[in-house]
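[1] Sharing a model prediction with you, sequence too.
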Amino acid sequence: MGSQFDLTGQGLLQLEELALAFVLSALVGLEREFRQKSAGLRTYTLVGVSAALFMLISKYGFMDVLVAGRVVVDPSRVAAQIVSGIGFIGGGVIFMRRDVVRGLTTAASVWLTAALGMACGAGLPILALATTLGHFIIMFVFPKLARFIPQERRTATQLRISYREGIGLLRTILITCTQLRFAIDQVDVEKNSQEAAQDQADWEGTEMEAARRGTVVLTMRVRGKRPISHLIASLSEIDGIVGVANVDEAGQLE
């Protein structure tokens, strides 16, 4: 006796839906590959085709177990699991670096690609095509429009930093500024003069000799979006820093 196979849900229509999911998700993947993102052509294509296949399984994969009045299948349950399951892939491309979250756009585009595959598998090609067009508008047009959005200005502040000589603090100070996303210019380093030492002693409330002994004065202008108090607090915590002051345009301590 030959085996009989039920080909319901495995016809030309379903193959066309899988092919459309393949093409659209590959287009999204090409854009991400071109931008050298962590998830590229293969990842996006696999996500889109897999989502479409899951949708087709949810629509046709349980036809042989359905019994009128006894067995009822809810296809939306499989679709809901695709939405939650894709979060594991999206979460894998999100990471934090220097207090900045990166990979959110890549994770969102992976989520969108899964939705494209689901739309194709659900037999909604027009929605899938429109969403793909929307993806490219977001990726290519929105960055140009964002240039016209007023940005918060990076305020410039002049700092005077006194630190002990001979323990390599200059490098540490500069690294701390860059890690806190402050740009540095107009750097001036000099040994503490008699007048500067007296000002430093008066400002700190310390003895003149203690302020003058082995101290270097670093004057620099920094630019950043964060409050300058954040940078001053971080620099003040470094061992060997004698004092950090915000200087006005006249060169006087504020």
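    Looks like it came in fine. Everything numeric here is computed off the predicted structure, so don't read it as measured data.

[2] Okay, now the unreliable bits of the stretch 1-150 of the chain?
    Residues of the stretch 1-150 of the chain that meet the criterion pLDDT under 70 lie in 1-8, 64-73, 75, 95-101.

[3] what about the helices in it?
    12-34, 41-60, 76-92, 104-121, 125-136, 142-146 (DSSP state H, counting those that start in this stretch).

[4] How many neighbouring residues does the residue lying closest to E190 once chain neighbours are set aside have?
    Spatial nearest neighbour of E190, excluding adjacent residues (CB to CB, 6 or more residues apart in numbering): V217 at 5.6 Å. C-betas here are computed from N, CA, C, even on glycine. By other CB atoms under 10 Å, 20 other residues sit near V217.

[5] before we move on, which element is V217 in?
    Using DSSP states H and E, V217 sits in strand 215-224.

[6] Need the contact partners of the helix or strand just after that strand.
    Sequence-wise, the next helix or strand downstream of strand 215-224 (DSSP H and E) is helix 228-236. Identification of contacts with helix 228-236 by CB atoms under 8 Å, 6 or more residues apart in numbering yields 155, 157, 159, 161, 173, 176-177, 180, 182, 222, 224, 241, 243-244, 246.

[7] do the same with stretch 26-44
    By CB under 8 Å, 6+ apart, stretch 26-44 touches 25, 45, 48, 89, 93, 103, 106, 109-110, 112-113, 116, 132, 135-136, 139.

[8] what's the distance between S229 and L235?
    Using CB to CB, to the nearest Å, S229 is found at 11 Å from L235.

[9] Pick out whichever of those two has more residues nearby.
    Using other CB under 10 Å, the more surrounded residue of S229 and L235 is L235, with 21 against 9.

[10] Make sure R160 is actually in contact with T215.
    No. R160 lies out of contact with T215 (CB atoms under 8 Å); the separation is 11.7 Å.

[11] Of all residues in the protein, which one is nearest the centre?
    Centroid-nearest residue in the chain: R102, 1.9 Å away (criterion: CA atoms, centre = their mean).

[12] which residues pair with that residue across the strands?
    Per DSSP bridges, the residues bridged to R102 are F95.

[13] Now do it against E16, distance only.
    Counting by CB to CB - R102 and E16 are separated by 38 Å.

[14] How many residues are close by I175?
    Neighbours of I175 (other CB under 10 Å): 10.

[15] can I assume it sits in a helix?
    Yes. Secondary structure of I175 (DSSP: H, G, I helix; E, B strand; the rest coil): part of a helix.

[16] what sits against it?
    Per CB under 8 Å, 6+ apart, neighbours of I175: none.
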